[in-house]
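Participant: Can you look at this prediction? I've put the sequence above it.
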Amino acid sequence: MTIKCLLLDIEGTTTSISFVKDELFPYIRKELQTYLEANWDSLELQNDIELLRKQAIEDTLTMVGVPEIASSDQTPASIINSVIANVNWNMDQDRKMTALKQLQGHMWRKGYSSGEIHGHLYEDVEEALKLWTSSGKKVYIYSSGSVEAQKLLFGHSVAGNLLQYFSGHFDTQIGLKVETASYREICKSTGFAPDEILFLTDLPTEAIAASEAGVQVKLLVRPGNAPLTEEIIQRFSICHDFREIKLIE
Ligand SMILES: CSCCC(=O)C(=O)COP(=O)(O)O
Ligand SMILES: [Mg+2]
């Protein structure tokens, strides 16, 4: 079947893991207290905090040592301290949960708009986006990072604003990336049959979930990515650079 749609992961695929772990996450840790204090009265932030509070309660059912968020009748200072503990704890574990990713996306706005942050992209990405879209392929992003965070990264990338190349964005609101149902929902949303979509990711767990939905998959081997087992290498097509990907016209 001819590939009509590319579905791109971000961290470990279009963008280095080190950019997320060594730039984006430290930015959150550095700015979190100031952000919470400066935006305390905003409905958006209060909604973010409530989502974190609900997630923390849910997490206590299956996890140990979850820093819960102080209830809304507590003082702002105590709520802020509990949010800081919870967000740092969740980032320490690289949790891919909507509540965390939503707050992160809201916070990264200032980092990108001020020029402090530029979205990292491997040098083959822009060329591939141009080639794919000029030959009529549609390109979507599917990342655990929020849609807002995705648009910030590609809108303020090291290669400039590349948002023109994307037909849409998906995040954990459509489902977790390790769940096969998420890829079935993406097929419904895009209108493409599973085997018309090529999903490019770095994580075998995501590749397995997508392939079980009938989506075609290639695993990216980028500097700093986790090593792949022999079993995975035998099971999935591997590439090191988007320019290696030959799509049937
Ligand atoms: C969109 S930039 C922030 C990336 C992020 O927070 C993340 O967890 C990336 O995960 P991915 O699913 O893109 O590997
Ligand atoms: Mg990834």
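Facilitator: Here it is on my side, so go on. These figures come from a predicted structure and were not determined experimentally. Residues are numbered from 1 along each chain as shown. Ligands and ions are numbered 1, 2, ... in the order given.

Participant: hey, let's count contacts and neighbours off CA atoms from now on
Facilitator: OK.

Participant: which element is I28 on?
Facilitator: Using DSSP states H and E, the element containing I28 is helix 25-38.

Participant: Averaged pLDDT, that helix. What do you get?
Facilitator: Per-residue pLDDT over helix 25-38 has a mean of 98.

Participant: what is the rounded mean pLDDT of whichever helix or strand comes after that helix?
Facilitator: Moving toward the C-terminus from helix 25-38, the first helix or strand encountered (DSSP H and E) is helix 43-59. Summarised as a single mean, pLDDT over helix 43-59 is 98.

Participant: buried sites along helix 43-59?
Facilitator: 45, 48-53, 55-56 (16 or more other Cα atoms under 10 Å).

Participant: Report the inter-axis angle for the helix or strand following that helix versus helix 43-59.
Facilitator: Counting by DSSP H and E, the element after helix 43-59 in chain order, helix or strand, is helix 76-92. Here the directions of helix 76-92 and helix 43-59 differ by 60 degrees (axes from the mean of the first three to the mean of the last three Cα atoms, to 10 degrees).

Participant: picking up where we left off before, right, is the helix holding I28 up against ligand 1?
Facilitator: No - using Cα under 6 Å from any ligand atom, we find that helix 25-38 stays clear of ligand 1, coming within 7.9 Å at best.

Participant: where are the low-confidence patches of this protein?
Facilitator: Residue ranges of the chain with pLDDT under 70: 248-249.

Participant: what does the chain put close to ligand 1?
Facilitator: Counting by Cα under 6 Å from any ligand atom, the chain sits next to ligand 1 at 9-11, 20, 96, 143-145, 149-150.

Participant: now L8, which residues is it bridged with?
Facilitator: I141, L200 (DSSP bridges).

Participant: related to what we said a few turns ago, the helix holding I28 - contacts with which helices or strands?
Facilitator: helix 76-92, helix 98-113 (3 or more Cα pairs under 8 Å, 6 or more residues apart in numbering; DSSP states H and E).

Participant: out of those helices, deepest packed?
Facilitator: Comparing these by mean neighbour count (mean count of other Cα atoms under 10 Å), helix 98-113 comes out on top with a mean of 20.

Participant: related to what we said a few turns ago, could you identify the most distant pair in the residues of the chain next to ligand 1?
Facilitator: Spanning the widest gap among the residues of the chain next to ligand 1 are K96 and Q150, at 14.1 Å by Cα to Cα.

Participant: Which one of these two is surrounded by more residues?
Facilitator: Q150 (22 against 18; other Cα atoms under 10 Å).

Participant: quick one: what helix or strand has that one in it?
Facilitator: Judged by DSSP H and E, Q150 forms part of helix 147-155.

Participant: That helix close to ligand 2?
Facilitator: No - Helix 147-155 does not reach ligand 2 (Cα under 5 Å from the ion); its nearest approach is 12.4 Å.

Participant: And for stretch 109-121?
Facilitator: No - using Cα under 5 Å from the ion, stretch 109-121 never reaches ligand 2; the gap is at least 12.9 Å.
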